[in-house]
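Student: kindly return the folded structure for what I paste below:
(one chain, ligands or ions: 2)
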Amino acid sequence: MSEKQANIHIGWSFDNSYARLPEALFTATSPTSVRKPELIICNDRLAEALGLGAEALRSEEGVAMLAGNLIPEGALPLAQAYAGHQFGHFNRLGDGRALLLGEQMTPSGERVDIQLKGAGRTPYSRGGDGRAGVGPMLREYIISEAMQGLGIPTTRSLAVVKTGEPVYREDTQQGAILTRVAASHIRVGTFQFAAQWAAAEELRALADYTVQRHFPQIAADDNRYLSLLQEVIKRQASLIAKWQLVGFIHGVMNTDNMAISGETIDYGPCAFMDAFSLSTVFSSIDSQGRYAYGNQPYIAVWNLARLAESLLPLLHDEEEQALKLAEKALADFTDLYHRHWLSGMRGKLGIFNEEEQDDELMKGLLTLMETHGADYTNTFVALTFNRPDDSALFSSPEYTEWHKRWQNRLSRQEQSVEEVGQLMRSSNPAIIPRNHRVEEALEAAINGDYTVMERLLEALADPYAHSPKQADYAALPEPSGRAYRTYCGT
Ligand code: AMP
Ligand code: MG
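Tutor: Ligands and ions are numbered 1, 2, ... in the order given. Down below sits the predicted model:
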């Protein structure tokens, strides 16, 4: 079969608008072929939504494309330039092991980036090998698809192929490539790069492109660059509130890992919290707790301030005026975030209307959860089904007191018990990707058994089902006496 026929069959429909941006922002780079590509997981539902034939993707040509051994027709592979504050330190970065193949134009008219992560060295690789290990790539697949199931904006995972080549980290791992699908890969760090190393008109071109691609509704605004900043602030306020509401900890909220589109991006040492605690950190490299659960909203606004700084020359001709506009926009984040969080938390507690003391009621529960080491997810499920167990939280007199306050609160709204129950069921997931379950699935997969991961993914696709089948995935890990640790895996 010729390459062209294979393409028609697979359904690729690429455009390459990013490649039409100023050259300073990227470098055309081809993937480096791998020895023995082997498909280990393919997201059929996502493939279909993208207009791709899942069967065809699994064919030899399809897998060769997912491995970077064959370039699909219409693709123009490139590595994107970006910068980033990594744990507070500014660095020049860029796609060091990822390549953008192009933008797939989907049957529903969307434009999404198709990126191969782990496809070989690029001009931005610095000392890195351009590769990725199978464990971290499957981890990104599982967690990103879990986020999608939870209704949280996220990049998606189309497939993972093993390369048949080893990668050398602390240990030797099997190499793998993840095909990542994103609204775009434009990051806060992309703007930082342009502001620092590109010409003024190149920064403007990037901003105009971003407006067209993500916020076309503001294109005609008087100051569209200010509107751009405001829109990104709004999306991040909404996104971070959603993370907090499910207990998701990103782990590396560097400015290069914050997408302008408002999708969660770059699943490294991320994890979901079990027992509620604001200071929860899983990442082995975050010894200071910079990216702890409770810090995420503050880090978000810090990152957004870096975006605002990068946009300053576009906001106003006079620097002082530009600064004022930026500061005013940034000041909105806290309130926006808090409103999203309150509204999400009202849902979790079955509350339909707004009362002044709601914040206090919610924080009261969280404080009790923290004091008694209560599991975040399961506590809300227990409240939803009125199934308190014999744990320390539910046995405490302070909880009884809180419960009374909550019940009084519910009685001050007109909705029925059924309506309250329905709201709570759709706001409180029965399951999250528990760390021990993710590890178990990864371990089996690394040893060639993909069924554990497939079952986990199936369950995570519908976390609000509240079906008996989910019970297994809701169970807490056996106490191990050791804190769970995640590793960057780069
Ligand atoms: P991350 O921690 O995944 O957000 O990556 C931070 C930066 O390091 C990005 O510029 C990556 O492209 C780069 N990087 C991470 N791993 C590698 C690798 N194995 N080879 C080359 N560059 C890498
Ligand atoms: Mg990154």
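
Student: quick one: pLDDT of the nearest residue to Thr451 once chain neighbours are set aside?
Tutor: With C-beta to C-beta, 6 or more residues apart in numbering as the criterion, Thr451 has its nearest non-adjacent residue at 7.3 Å, and that residue is Ala444. Backbone N, C-alpha and C define where each C-beta goes, glycine included. According to the per-residue confidence, Ala444 scores 98 in pLDDT.

Student: do the same with Ala6
Tutor: pLDDT, Ala6: 53.

Student: try the one 10 residues further on
Tutor: On pLDDT, Asn16 comes in at 98.

Student: where's it relative to Ser261, distance?
Tutor: Distance of Asn16 to Ser261, given as C-beta to C-beta, to the nearest Å: 18 Å.

Student: the residue nearest to Thr451 against Glu454, yeah?
Tutor: No - counting by C-beta atoms under 8 Å, Ala444 stays clear of Glu454, with 9.9 Å between them.

Student: show me what the strand ranked longest in the chain is packed up against.
Tutor: What stands out as the longest strand in the chain, according to DSSP state E, is strand 156-168. Contacts defined by 3 or more C-beta pairs under 8 Å, 6 or more residues apart in numbering; DSSP states H and E place strand 156-168 against strand 38-42, helix 44-50, helix 60-66, helix 134-150, strand 172-182.

Student: if you set the cut-off to 6 Å instead, what comes out?
Tutor: Helices and strands touching strand 156-168, by 3 or more C-beta pairs under 6 Å, 6 or more residues apart in numbering; DSSP states H and E, are strand 38-42, helix 134-150, strand 172-182.

Student: nearest to His338, out of the ones you listed?
Tutor: Shortest separation from His338 across the helices and strands packed on strand 156-168 is recorded for helix 134-150, at 20.8 Å, computed as C-beta to C-beta.

Student: helices or strands up against the closest one?
Tutor: Under the contact criterion of 3+ C-beta pairs under 6 Å, 6+ apart, helix 134-150 touches strand 156-168, strand 172-182, helix 435-446, helix 451-460.

Student: average pLDDT across that helix?
Tutor: 98.

Student: pLDDT score assigned to the residue lying closest to Ser279 once chain neighbours are set aside?
Tutor: Nearest residue to Ser279, sequence neighbours excluded (C-beta to C-beta, 6+ apart): Ala292, at 5.2 Å. At Ala292 the predicted local confidence, pLDDT, stands at 97.

Student: how far out from the middle of the chain is stretch 53-63?
Tutor: Stretch 53-63 has its C-alpha centroid displaced from the chain centroid by 26 Å (C-alpha atoms, centre = their mean, to the nearest Å).

Student: hmm, back to that, the more surrounded of Asn16 and Ser261?
Tutor: Between Asn16 and Ser261, counted using other C-beta atoms under 10 Å, the more crowded position is Ser261 (21 against 17).

Student: most proximal residue of the protein with respect to ligand 2?
Tutor: Asp266 (4.1 Å; C-beta to the ion).

Student: separation between the residue nearest to that residue when sequence neighbours are not counted and Asn16?
Tutor: Using C-beta to C-beta, 6+ apart and skipping the chain neighbours, the partner closest in space to Asp266 is Asn257 (4.1 Å). Separation of Asn257 from Asn16 (C-beta to C-beta): 24 Å.

Student: report the buried residues of the longest helix seen in the chain.
Tutor: In the chain, taking DSSP state H as the definition, the longest helix is helix 319-348. For helix 319-348, a neighbour-count test (16 or more other C-beta atoms under 10 Å) marks 322, 325-326, 329-330, 333, 336-337, 340-342, 344-348 as buried.

Student: how about the contacts made by Trp12?
Tutor: Counting by C-beta atoms under 6 Å, 6 or more residues apart in numbering, Trp12 touches Pro72.

Student: residues from the stretch 51-200 of the chain in reach of ligand 1?
Tutor: Proximity of the stretch 51-200 of the chain to ligand 1 (C-beta under 6 Å from any ligand atom) is limited to residues Leu93, Gly94, Asp95, Gly96, Arg97, Tyr124, Ser125, Gly128, Asp129, Gly130, Arg131.

Student: let's see 5 Å
Tutor: Residues of the stretch 51-200 of the chain that fall close to ligand 1, judged by C-beta under 5 Å from any ligand atom: Leu93, Gly96, Arg97, Ser125, Gly128, Gly130.

Student: columns distance to Val381 and secondary structure on top of the residues you listed, output as CSV?
Tutor: Output for those, formatted as CSV (distance: C-beta to C-beta, whole Å; DSSP: H, G, I helix; E, B strand; the rest coil):
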residue, distance to Val381, secondary structure
Leu93, 40, coil
Gly96, 41, coil
Arg97, 39, coil
Ser125, 45, coil
Gly128, 42, coil
Gly130, 43, coil
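
Student: I appreciate the help and will end here.
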